[in-house]
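Colleague: A predicted structure for the sequence below; I have some questions about it.
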Amino acid sequence: MSMRAIADVLARAPSTISRELRRNQHAARYQPDHAQRISAHRRTQASRRPRIDAERIGQSEVLLREDVSPEQIAGRTGLASHAWIYRHIDADQKRGGQLFMHLRKRRRNRRRRGVRDGRGQLASAQLDTAPQRG
């Protein structure tokens, strides 16, 4: 059976079938059990590396304690983006850290997006149980 015919039967693109066969062949043949084991092994070995290593975090914290702004750290050193540095400062503050004290201006608390504010909303009531007016 051709790869294109297999792709039609499985409702997949022919390139997907080709890639699967090329990637998971064993002894010049495709063996599904072996391919499944290989796939499971790949998934257990896969891990997401930390985007910013401990050394860079330490360097940015030293600069923050020297009262260098996150924008300056990001622009001059390229250690991390200013947005990442601000998120790191917020996380540090939530853990009881003092990095936020080295910022030049006090920032407002960040408001989470997508969370409804419950103030000022009346409890729902059925119209037939509401008191009659005049």
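Modeller: Nice, thanks for sending it over.
Colleague: Break this protein down into its structural domains.
Modeller: 3-45, 54-102 (automatic domain parsing).
Colleague: Mean neighbour count, those domains: which tops it?
Modeller: domain 54-102 (a mean of 15; mean count of other C-beta atoms under 10 Å). For every residue, glycine as well, the C-beta is placed using N, CA and C.
Colleague: Quick one: end-to-end length of it, please.
Modeller: 20 Å (C-alpha to C-alpha, to the nearest Å).
Colleague: Ok, stretch 19-33 next?
Modeller: For stretch 19-33, the first and last residues are 17 Å from each other (C-alpha to C-alpha).
Colleague: Is it correct that A80 is in contact with E71?
Modeller: No: using C-beta atoms under 8 Å, A80 makes no contact with E71, being 11.5 Å away.
Colleague: Can I get the domains of the chain in CSV including mean pLDDT and distance to P131?
Modeller: Below are those laid out as CSV (pLDDT from 0 to 100; distance: least, C-beta to C-beta, whole Å):
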stretch, mean pLDDT, distance to P131
domain 3-45, 91, 61
domain 54-102, 91, 47
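Colleague: Could you dump these into JSON lines and include distance to T129?
Modeller: Converted to JSON lines, those look like this (distance: least, C-beta to C-beta, whole Å):
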{"stretch": "domain 3-45", "distance to T129": "54"}
{"stretch": "domain 54-102", "distance to T129": "45"}
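Colleague: all strands for the chain, in order.
Modeller: 25-26, 29-30 (DSSP state E).
Colleague: To R87, which of the ones you listed lies closest?
Modeller: Closest to R87 of those, according to C-beta to C-beta: strand 25-26, at 44.3 Å.
Colleague: Which other helices and strands does that closest one contact?
Modeller: Packed against strand 25-26, as judged by 3 or more C-beta pairs under 8 Å, 6 or more residues apart in numbering; DSSP states H and E, are the following elements: helix 32-45.
Colleague: residues contacting the closest residue to Q72 other than its chain neighbours?
Modeller: Excluding its sequence neighbours, the residue lying closest to Q72 (C-beta to C-beta, 6 or more residues apart in numbering) is L63, at 7.9 Å. Each residue near L63 by C-beta atoms under 8 Å, 6 or more residues apart in numbering is listed here: 72-73, 77.
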